[in-house]
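1. coordinates only, sequence not included:
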């Protein structure tokens, strides 16, 4: 997902439904993103993610927020990653379009965005990964 989004040093990566934090941590540690932000409803998972970030040595550049992804302020993001399900993608799509700046990227593993045609699609482990560029 991060490779498809071409994550690099100028990026702020938001992972919606971040679980154990692996995507924001990898964005910073392996791809050099400026910041990573994970958003998850489950505080227990966020505690685990914070510990994972500390162990990875990136806890100063990665933040985990306990809240609904629908309430998240996505404006600082340059990349948003999702692995949530079609219904969630369809419900969050208006927020992505309204809040993200032109040039921002949205990547979803497995689930598309209905009639929002992706700019690029690849296969990872025989599953689709979709990329949309915000215009």
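-> Looks like it arrived, so ask away. This is a predicted model, so every value here is computed, not measured. Residues are numbered from 1 along each chain as shown.
2. hang on, residue 5 packs against residue 105?
-> Yes - between residue 5 and residue 105 there is a contact under CB atoms under 8 Å: 4.6 Å. Heads up, the C-betas are built off the backbone N, CA and C, glycines and all.
3. overlap in contacts of those two?
-> Residues touching both residue 5 and residue 105 by CB atoms under 8 Å, 6 or more residues apart in numbering: 79, 131.
4. and residue 23, how far from residue 102?
-> 23 Å (CB to CB, to the nearest Å).
5. who's more crowded, those two?
-> residue 23 (28 against 7; other CB atoms under 10 Å).
6. where's that one, which helix or strand?
-> Element membership for residue 23 (DSSP states H and E) is helix 22-29.
7. name the helices or strands packed onto that helix?
-> strand 12-16, strand 35-40, helix 43-56, strand 62-66 (3 or more CB pairs under 8 Å, 6 or more residues apart in numbering; DSSP states H and E).
8. what comes up buried for it?
-> Residues 23, 24, 25, 26, 27, 28, 29 are the ones in helix 22-29 that count as buried (16 or more other CB atoms under 10 Å).
9. distance to residue 40 and pLDDT added to those residues, as CSV?
-> Shown next, in CSV, are the buried residues of helix 22-29 (distance: CB to CB, whole Å; pLDDT from 0 to 100):
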residue, distance to residue 40, pLDDT
23, 11, 98
24, 11, 98
25, 13, 98
26, 16, 98
27, 15, 98
28, 17, 98
29, 19, 98
